[in-house]
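Q: sequence? don't have it. structure:
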DNA sequence: GTGGTCTAGACCACC
DNA sequence: GTGGTCTAGACCACA
């Protein structure tokens, strides 16, 4: 996996994991790949994956059974969705609007691009 | 000036400067505040402002006249605009669309929020 | 290491590093000394070494792996060589020729000195 | 006049003046352009020209008659020539040879380029 | 006055 | 351990 180098790798991994939960690829109570497995797959240091899991555990998106591994929390998908939606609407979207105004980009242009994107 | 602490101060200053150029507040060939002046105004170390100016100079948005100070480059406004537009359309916008699809947010909802934002 | 005081130390360090790359002493993908290590070795401030590495990174001669250090870029040797050759042939050599004409130095004289130099 | 920005302007002006002396454009005892005149011609601050003249005066290439201006010293051409030759042979040339070896440039190649240059 | 460089030392996130 | 950023303060050449 390719990582952007302007953002911490462990956060990108956490994002990757929660995306998988959101899309239903990993369902509630399912066991996540072990830290080592995922580390090998993503070609990163196990410590880095561990940090991602700790991060997600703190948000109660995943939980840990000692000796067994990490598991997707029961309502993980809803939590992730709520969290992302909040962040999107409160932070990202206003920033997008601000940039549009600054650059003089019309809303119609955005609409066209959206239609192309979803096509 | 207040700085977000998730982004380097010198980059925020650079952003601040290029925003001023973009909005026409600082026009081509105009002399920028000296490193020391801006440092005092923004309450940061002169080295930090220096890094911002170096950063912008590298992008040819501003240039330096020995012993005189930094000046806005002739086509700085166009350059900044082109650069920001590129980044917005190629990087930020696709990311927004991706999030919309992921979260199941309808385009009409975005439109409503945009109308509220510009009101 | 001794530094000339008519040129910035960080540039001399960068030159030193790229010379090492050019001569094959440091090969592609090899890890460079850490900022702190090199700073101690050269008896300069870590910030100064950092500036050198930033400078070389900007030119894509070296690159950074987060938390691991700086590494010689894959084609660094070719890049450095091409860069230096360009500078030599387009800038330095014409200047030398110009000086020769100005001072009335014959090419044969240069040739003799070159033979002495390589002896 | 265009100045390189990696070298002090006053030194470039001094070089310009001594080149004129060397080529015989300005002969012994001739009056140099006044500080102000040259400053206007070269579009620099008079202080900068003054510094160039002081620099050349210190080397006894030019001298000053109070109230009348600066004049080319009697043996200026020989002095300049000797000075430049010294610098060229002791400093510049060895550096050129060093670069040639480093880059693997053959002497024959230099010769060809020299013939092209003088053609 | 201007920028440019450097030191000393600190704190931080990250791997 | 690694780099990255920042402060405080200094000295210098230059215009």
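A: Sure, I can see it. None of these values were measured; they are calculated from a predicted model.

Q: Helix or strand next in line after the worst-scoring helix or strand of chain A on mean pLDDT, which one?
A: Sorting the helices and strands of chain A by mean pLDDT, DSSP states H and E puts helix A:35-42 at the bottom, at a mean of 88. Using DSSP states H and E, the next helix or strand after helix A:35-42 towards the C-terminus is helix A:46-58.

Q: List the buried residues of the next helix or strand along the chain from that next one.
A: Per DSSP H and E, the first helix or strand lying C-terminal to helix A:46-58 is strand A:62-65. Using 16 or more other CB atoms under 10 Å in any protein chain shown as the test for burial, strand A:62-65 gives residue A:62. (C-beta placed from N, C-alpha, C; glycine too.)

Q: so what's the residue positioned nearest the centre of chain A scoring on pLDDT?
A: For chain A, the residue sitting closest to the mean C-alpha position, by CA atoms, centre = their mean, is residue A:15 at 2.2 Å. pLDDT, residue A:15: 91.

Q: again, but for the one 5 residues further on
A: On the pLDDT scale, residue A:20 is placed at 91.

Q: For residue A:31, give its distance to residue C:37.
A: 42 Å (CB to CB, to the nearest Å).

Q: now swap in residue A:22 and tell me
A: Going from residue A:22 to residue C:37 by CB to CB gives 44 Å.

Q: What residues does chain A have near chain B?
A: A:19, A:22-23, A:81, A:84-85, A:88-89, A:92-94, A:96-97, A:99-103, A:105, A:107, A:110-111, A:113-114, A:117-118 (CB under 8 Å from any CB of the partner chain).

Q: what about burial for those, which qualify?
A: A:22, A:81, A:84, A:88, A:93, A:96-97, A:99-100, A:105, A:110, A:113-114.

Q: Export those as CSV, with columns for secondary structure and distance to residue A:41.
A: What follows is those, written out as CSV (DSSP: H, G, I helix; E, B strand; the rest coil; distance: CB to CB, whole Å):
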residue, secondary structure, distance to residue A:41
A:22, helix, 20
A:81, helix, 25
A:84, helix, 24
A:88, helix, 28
A:93, helix, 33
A:96, helix, 33
A:97, helix, 38
A:99, helix, 35
A:100, helix, 38
A:105, coil, 39
A:110, helix, 36
A:113, helix, 34
A:114, helix, 33
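
Q: and chain A, which residues reach DNA strand E?
A: For chain A, the contact set with DNA strand E under CB under 7 Å from any atom of the strand comprises A:8, A:9, A:10, A:11, A:44, A:45, A:47, A:48, A:51.

Q: hmm, 6 Å instead?
A: A:8, A:9, A:10, A:45, A:47, A:48 (CB under 6 Å from any atom of the strand).

Q: From those, pick the one nearest residue D:61.
A: residue A:8 (60.6 Å; CB to CB).

Q: Excluding chain neighbours, what is closest to the closest one?
A: residue C:66 (7.9 Å; CB to CB, 6 or more residues apart in numbering or on different chains).

Q: How about residue A:80?
A: Going by CB to CB, 6+ apart, residue A:80 has residue A:18 as its nearest residue, at 4.6 Å.

Q: Give the residue farthest from the middle of chain A.
A: residue A:104 (30.6 Å).

Q: Distance check, it against residue B:21.
A: In terms of CB to CB, residue A:104 sits 15 Å off from residue B:21.
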